[in-house]
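Just the structure for this:
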Amino acid sequence: MSEQLSYMTALHVRLLRILEGIGFELLEEVSLPPYMVDCYCSTYHIAFEADGPQHSIKHDKERDEYLWRVYHLPIIRFSMDDIDNHKELVKLRAIDAAMGWKFDVKSRAKLAAENAPWI
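Residues are numbered from 1 along each chain as shown. Predicted coordinates:
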């Protein structure tokens, strides 16, 4: 399966709706070469990923480490089970992650802009 998806899967759309429902302003499928992230929130400079059955823990870890190293972008992952059956947990984890990062947003966003000025 290609890393560069050109469409939002149903799982991604469900995650997007949950997060937008609690006030996150998100961009969909943002390119951060050589990868893309499912949902990017510029307000908090944070990305959210919907992990379906095709995801590889090893590949996701390498990818997340790269995105942190190059773009200073934390990736918050949600399983298909959480998105479908534990929406309140998804909401709480997203809010907790955003609040945890908000104090460092300016410095991380500045560093990221040097590598990805379009975000």
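
Quick one: the strands in the chain, in order.
Along the chain, counting by DSSP state E, strands occupy 27-32, 35-41, 46-51, 75-79.

got these as a markdown table, with mean neighbour count, distance to residue 92 and mean pLDDT columns?
Just so you know, the C-beta spots here come from the backbone N, C-alpha and C atoms, and that holds for glycine as well. Listed next are the strands of the chain as a markdown table, based on neighbours: other CB atoms under 10 Å; distance: least, CB to CB, whole Å; pLDDT from 0 to 100:
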| stretch | mean neighbour count | distance to residue 92 | mean pLDDT |
| --- | --- | --- | --- |
| strand 27-32 | 16 | 22 | 93 |
| strand 35-41 | 21 | 16 | 94 |
| strand 46-51 | 23 | 13 | 95 |
| strand 75-79 | 19 | 11 | 96 |
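
I'd like the ones you listed laid out as CSV, including distance to residue 20.
Shown next, in CSV, are the strands of the chain (distance: least, CB to CB, whole Å):
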stretch, distance to residue 20
strand 27-32, 10
strand 35-41, 9
strand 46-51, 11
strand 75-79, 14
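
Of all these, which one is nearest residue 62?
Closest approach to residue 62 among these (CB to CB): strand 35-41, 10.2 Å.

Give me the angle between that closest one and strand 46-51.
Between strand 35-41 and strand 46-51, the angle comes out at 120 degrees (axes from the mean of the first three to the mean of the last three CA atoms, to 10 degrees).

Spatially, what comes nearest to residue 22 if we skip its sequence neighbours?
Counting by CB to CB, 6 or more residues apart in numbering, residue 91 is the residue found nearest to residue 22 once chain neighbours are left out, at 5.2 Å.

In terms of pLDDT, where does that neighbour sit?
Listed pLDDT for residue 91 reads 95.

so it sits right up against residue 18, yeah?
Yes - counting by CB atoms under 8 Å, residue 91 touches residue 18, with 6.5 Å between them.

The two: which is more packed in?
Neighbours per residue (other CB atoms under 10 Å) separate residue 91 from residue 18, with residue 18 holding more: 21 against 15.
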